[in-house]
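A.B. asks: Just to be clear, the model below is a prediction. Sequence and coordinates:
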Amino acid sequence: MELTGQTSLSEPNVAAESSALLLALGQLKSSRITRQKINVAVISVERYLGQSNVDAKTDIWTDCYSYDLIVTDGLWQVKCKLSTGLHNLVNRNILRSGIDIRVLELAIVYDERRLGQSFVRIEDLECTSKVSEVFRSVKDVDGLSVWTNNDARTLSIIQMNTPLDAGRKHYLSLWNNEDPYGTVWTPNRPPADVLFDLSRICMVADVESFYVRGRPSPPLLVRVMHKSRLRYYGKPTKNIDFPYQAYFEVADQTGIMSMVLWNDVCVEWYHRLHVGTEIYLSRYTLKKAYQQRSRPQINNSLMVFHSTEISLNPESAVLAVIPPRKVQPQWCLPEVSYLFHNRSEIETLAHNAVVDVVGLVTFVGRVERVRSRANAVPERFWTYRWVHAIDGTSDSPLILEIFSNSQPDMFNSIHPMTLLVCTQMRVCCESGTHRYLTSSAETQIFNTGYHKNQPYQLQPKVKAFIQWVKTQRDRDMLSRCAVGGQYCHPCPQPTLTLSTDQSSAGPQILALEDLKGELESLQYREHKRVLIQGHIVAVKYYTWPNRPTEHTQNAPQQQQQGGTVESVASTGLSVSTERQAGESEGQGTGGDSEGQGTDRDSPAVSNSSSTASRKRRKALPLKRKMKRHYITRAKAQSQRERPMDEPAGHEGGSEEQEEEEEGAPQQEEQPSDHTSQSAATADSSSRNSPQPGTEQSVRGPDALWESSLIPASALRSSEHLGLGGELHQESVAECFCFDDKDFHLRRVNLHPPRWWPELFPPEHTSHPPAACDGHYTLTILGLNQQVAVEALFLPVWSSKDPRAASMSWSHHDNSFLPCLTSGHFCPPPNIAGATDSLRPSPEELLCSAAALEQEHVVCVLDLCLLGDGKAEVVCSRVYRASDITTPQPNAPQ
């Protein structure tokens with residue numbers, strides 16, 4: 001398809017007159033800057049290494065990457081460079097492909113060092129969060145007319161998919177630097193026939209002698225035994241077109257040697273060289289091997305040469321792939337060797353042992369990112385995901401930490417019910433945690449659809465696994481599958497040791513006032529684990545999912561059957577807000593059967609519905625009776641100010657109290673005189689809830705505990721970091737539906753750099769959670785009572801929860817503090833049915849929360865930015881400060 005700078009021939013005048021984008025771009029020719037507001041859709045967001053950019057005051061690199069956007073109004077498209085001040089919108093996945101944006105300011109920038117070269121730059125914009133409707137009307141995005149400012153170079157740039165910056169020749173993957181991205185990479189294709197002279201072939205064992213003598217090296221005929229991921233070594237100050245490097249281990253019958261591809265050779269050959277490929281090499285260079293790198297584990301008797309390596313540079317190297325049908329047995333090329341182990345054997349292996357594994361995938365976690373090295377220039381991220389796989393030899397799955405290894409198609413297509421092979425994985429053994437396998441630089445992954453003609457197919461353990469899979473029923477396997485959700489491994493250690501030396505590499509406690517900076521510095525899907533200390537002053541429980549289920553519609557019947565410290569009907573809003581909601585909506589306690597969110601989540605209660613509710617409550621059978629007390633904001637304030645030893649009396653007659661009593665399900669028509677040591681207030685819940693507009697700000701918690709020892713004034717005056725108090729869909733593991741596997745993958749993979757019409761979400765996107773019917777929100781107040789943070793607490797209670805396979809189980813009495821310190825309920829879910837039946841209700845659990853009063857704790861928080869301004873803060877474990885050990889410094893001699 002040939003792109004053109006003219007309108008289409010069918011309706012040229014209509015397209016030109018109706019395109020607001022075209023009109024605004026036309027103004028740039030005369031004014032250079034336009035501030036006309038234009039609504040456009042983002043087709044693509046692409047990243048590349050920018051020019052050197054150093055802050056003159058601090059001498060620190062400010063931003064090493066640049067971003068190009070292609071936007072359209074449905075009639076025309078234009079490629080623009082994004083202003084540096086807007087880069088953070090991409091880093092946090094607020095500005096992304098597929099959404100609508102409103103461009104507030106455009107400028108045309110001329111390259112004063114070159115003749116007739118210019119590009120459009122977006123100086124300011126506003127983002128939306130929904131998928132643009134423009135893509136529903138545009139069937140072929142590439143067929144849109146292109147605006148080029150009469151610049152032939154710009155037109156060729158769009159055709160060749162290269163950056164607007166004249167100093168760069170290719171785009172990087174949007175979220176890491178290791179994955180090849182763009183059309184410049186030569187795809188894998190069947191090799192052509194090659195002619196070569198066998199009489200001049202040299203053996204690997206003899207190559208070193210040519211290097212020592214300084215003589216030209218003769219050709220080699222070798223087989224690829226191992227392949228590493230790409231290494232990107234680009235720097236803003238270096239002008240290398242394709243700064244890539246990749247290692248291969250090649251062998252013949254005499255030995256194994258490393259072969260390294262550089263720069264343009266990587267772009268041309270990386271996709272075409274695979275493990276088991278036979279290649280012919282000539283005009284290569286021999287160099288002294290770089291020793292400070294990882295190497296694969298070799299499983300054969302061949303001699304390995306580590307002192308010299310084969311270097312293939314684009315200036316001189318000649319490389320050819322030999323078609324499999326042309327390979328001759330008399331060449332005696334060695335077979336690819338493997339180190340397959342099954343799940344039961346891995347328990348006996350040492351730490352850092354190398355294994356190959358095969359399994360049936362039962363869980364696929366979301367893709368997350370972690371910084372490769374602090375203060376690296378340019379800034380780099382590793383992308384990784386957690387995967388569970390079973391092989392029939394153990395009840396426990398293989399826990400795999402798979403980093404992106406320059407196989408983006410393979411990495412992004414891993415889903416439950418696929419057969420997965422991972423090579424060169426390393427065993428990780430940490431005290432107090434389950435063993436897991438992590439990928440190395442030489443790891444290769446293969447899943448269903450890519451196993452054909454792979455050398456491992458003849459391995460005995462692979463054959464045995466295939467036979468086991470044939471005996472399994474798909475329905476049974478699907479019932480064990482889950483996808484996505486918050487998942488961190490290894491779990492925090494049962495005990496914590498903190499070093500008093502701040503310069504040590506061990507865990508350090510982060511000041512709560514610094515946590516805000518950590519959250520603001522997070523980039524899209526970046527995961528970070530931190531330690532904070534303080535007091536847990538409030539615990540709220542919310543049911544999940546938030547839809548009219550049996551729990552929410554029949555809340556009075558269900559909540560009567562469980563004891564509680566305090567059952568809350570409406571603590572997410574203030575009392576005045578409750579009245580306004582009740583007067584405006586005129587709704588009752590029951591959820592609307594048609595699923596309207598305002599009707600089922602509003603805390604307001606009408607008089608007629610409350611009267612009917614009291615009649616129903618009287619007729620309900622009770623399993624057990626527990627006295628409850630519902631109090632107002634003013635009464636809670638007076639209780640906090642009353643000394644602890646003074647008994648709390650009942651104060652009735654207030655209109656606000658009557659509203660709360662009628663709105664909340666209870667077992668006795670009149671509240672008793674007995675109160676708990678901790679009391680709930682609508683004021684505090686409103687103060688600790690997320691920002692207005694979120695789900696939890698609309699509906700209050702279903703159960704609540706608050707410390708009575710912390711003055712209300714301290715909570716009001718403290719700064720609240722409430723970004724992590726809400727449970728998002730991305731934080732909950734879902735049951736896997738094979739028919740919707742593409743939708744599952746889009747949700748757990750990183751957002752794509754380019755939008756396609758088929759990426760529209762399906763009409764029904766709801767899948768049941770794997771093991772989540774509610775969550776707790778902890779309010780943690782700093783020791784100085786100046787900053788408070790809200791964090792999710794998601795205890796493990798079911799074997800269907802993917803986190804159960806990696807949990808270190810301990811026995812406790814299911815009170816709240818032991819649940820926090822262990823991260824789970826008891827007994828473990830592998831005891832048939834025991835966990836689900838004995839799991840305490842939220843009300844019962846919060847009855848024991850009084851043990852948190854004045855308890856100094858250290859919390860392990862897992863932070864992740866989910867994108868679009870949504871932050872996830874999960875409390876993975878709580879340590880009592882009295883249980884933490886600190887090693888004593890060595891005494892002076």
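C.D. replies: Structure received.
A.B. asks: Compute the mean per-residue pLDDT across stretch 256-266, please.
C.D. replies: The pLDDT scores in stretch 256-266 average 95.
A.B. asks: and that stretch, how far out from the chain's middle?
C.D. replies: Remark: stretch 256-266 is offset 32 Å from the chain centroid, using Cα atoms, centre = their mean, to the nearest Å.
A.B. asks: Same check on stretch 29-48?
C.D. replies: On Cα atoms, centre = their mean, the centre of stretch 29-48 falls 30 Å from the chain's centre.
A.B. asks: Please apply the same query to stretch 484-498.
C.D. replies: So, by Cα atoms, centre = their mean, the centroid of stretch 484-498 is 16 Å from its chain's centroid.
A.B. asks: What residues of it count as buried?
C.D. replies: 484-494, 496, 498 (16 or more other Cβ atoms under 10 Å). (Each C-beta comes from the backbone N, C-alpha and C, glycine too.)
A.B. asks: Over to stretch 353-369?
C.D. replies: 353-369.
A.B. asks: Then stretch 339-354?
C.D. replies: Those would be L339, F340, H341, N342, R343, I346, L349, A353, V354, for stretch 339-354 by 16+ other Cβ under 10 Å.
A.B. asks: how far does it sit from the chain's center?
C.D. replies: 28 Å.
A.B. asks: what residues does it touch?
C.D. replies: 296-297, 299, 355-359, 390-391, 393-394, 396-398, 424-429, 435, 437, 440, 456, 459-462, 465 (Cβ atoms under 8 Å, 6 or more residues apart in numbering).
A.B. asks: go again using 6 Å as the cut-off
C.D. replies: 297, 299, 355-356, 391, 393-394, 398, 424, 426-427, 429, 459, 461 (Cβ atoms under 6 Å, 6 or more residues apart in numbering).
A.B. asks: Of the buried residues of stretch 484-498, just say which sits nearest to S18.
C.D. replies: If you rank those by distance to S18 using Cβ to Cβ, G484 comes first, at 41.7 Å.
A.B. asks: Now the closest residue to the closest one other than its chain neighbours: phi and psi?
C.D. replies: What sits nearest to G484 in space, not counting adjacent residues and going by Cβ to Cβ, 6 or more residues apart in numbering, is V748, at 4.5 Å. When read as degrees, to the nearest 10, the backbone of V748 gives phi -90, psi -20.
A.B. asks: can you count the residues close to V748?
C.D. replies: 22 (other Cβ atoms under 10 Å).
A.B. asks: where along the stretch 151-300 of the chain do the helices fall?
C.D. replies: 152-160, 207-213, 264-269 (DSSP state H, counting those that start in this stretch).
A.B. asks: can you check the stretch 451-600 of the chain too?
C.D. replies: Under DSSP H, counting those that start in this stretch, the stretch 451-600 of the chain gives helices at 460-470, 474-478, 512-521, 550-553, 555-560, 575-585, 597-601.
A.B. asks: buried set for the longest strand along the chain?
C.D. replies: Identified as the longest strand of the chain according to DSSP state E is strand 527-543. Neighbour-count burial for strand 527-543, counted by 16+ other Cβ under 10 Å, picks out 527-528, 530-543.
A.B. asks: Counting by contacts, list what that strand packs against.
C.D. replies: In terms of contacts (3 or more Cβ pairs under 6 Å, 6 or more residues apart in numbering; DSSP states H and E), strand 527-543 is packed against strand 703-706, strand 774-781, strand 857-867.
A.B. asks: residues making contact with it?
C.D. replies: 368, 370, 507, 509-510, 512, 551, 688, 701-707, 710, 774-783, 842, 849, 852, 858-859, 861-864.
A.B. asks: Then stretch 857-864?
C.D. replies: With Cβ under 6 Å, 6+ apart, stretch 857-864 has contacts from 488, 492, 527-533, 780, 791, 872-880.
A.B. asks: Stretch 109-119 now?
C.D. replies: K81, I108, R121, N149, R153, L164.
A.B. asks: Good, we can wrap up now.
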